[in-house]
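Q: Give me coordinates for this.
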Amino acid sequence: MLFALSNIVIGCVIIALCIPLRKNKIRMNCWYGMRFRKSFESDEHWYEINSYGAGRMIWWSIVLIIIGLLTFFIPPGSRAILRFAPLILIIPAIETWIFTKKL
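A: Numbering: from 1, shown residues only. Model prediction:
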């Protein structure tokens, strides 16, 4: 039950943090956003990379939420591996990094 709830909460928090990035509401800063070297080269790169990265992060957070919901239907003895489910958020980070290489 704890794994299910934590995956759902983590997914929701990541989505909430990514919505302003996706809408290009966050100006270049050193604390919040997709912080790759290429992001800081120009405002155009900042907004493009953050919009793309936030979109990918939102999509994978939805996957994490679905995993959390499905966890309620998995027998307790089989849930241990799901404690690592938030690691799927590494995938959008890698996707965004690859995206920056194409700019």
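Q: Trp70 and Trp97, how far apart?
A: Actually, residue 70 is Leu. It isn't Trp. Here the distance between Leu70 and Trp97 works out to 29 Å (CB to CB, to the nearest Å). Yep, even glycine has a C-beta here, placed from its N, CA and C like the rest.
Q: swap that for Trp46, sorry
A: Using CB to CB, one gets 15 Å for the distance from Trp46 to Trp97.
Q: so Glu95 sits right up against Ala54, yeah?
A: No. Using CB atoms under 8 Å, Glu95 makes no contact with Ala54, being 11.6 Å away.
Q: ok, those two, which is more surrounded?
A: Of the pair Glu95 and Ala54, Ala54 is the one with more neighbours under other CB atoms under 10 Å, namely 25 against 16.
Q: so the more buried one is in which element?
A: Secondary structure here is read from DSSP states H and E; on that basis Ala54 sits in helix 43-71.
Q: How about Trp31?
A: Element membership of Trp31, judged by DSSP H and E, is empty: it is in no helix or strand.
Q: residues contacting it?
A: Trp31 makes contact with no residue under the criterion CB atoms under 8 Å, 6 or more residues apart in numbering.
Q: re the thing from before, can you list the buried residues in the helix or strand just after the helix holding Ala54?
A: Proceeding C-terminally, helix 43-71 gives way to helix 90-102 as the next helix or strand, assigned by DSSP H and E. Within helix 90-102, the residues that qualify as buried by neighbour count (16 or more other CB atoms under 10 Å) are 92, 95-96, 99-100.
Q: Quick check: the gap between the residue of the chain most remote from its centre and Ala4.
A: When distances are taken from the C-alpha mean of the chain, Gly77 lies farthest, 27.8 Å away, according to CA atoms, centre = their mean. Look at Gly77 and Ala4: by CB to CB, they are 14 Å apart.
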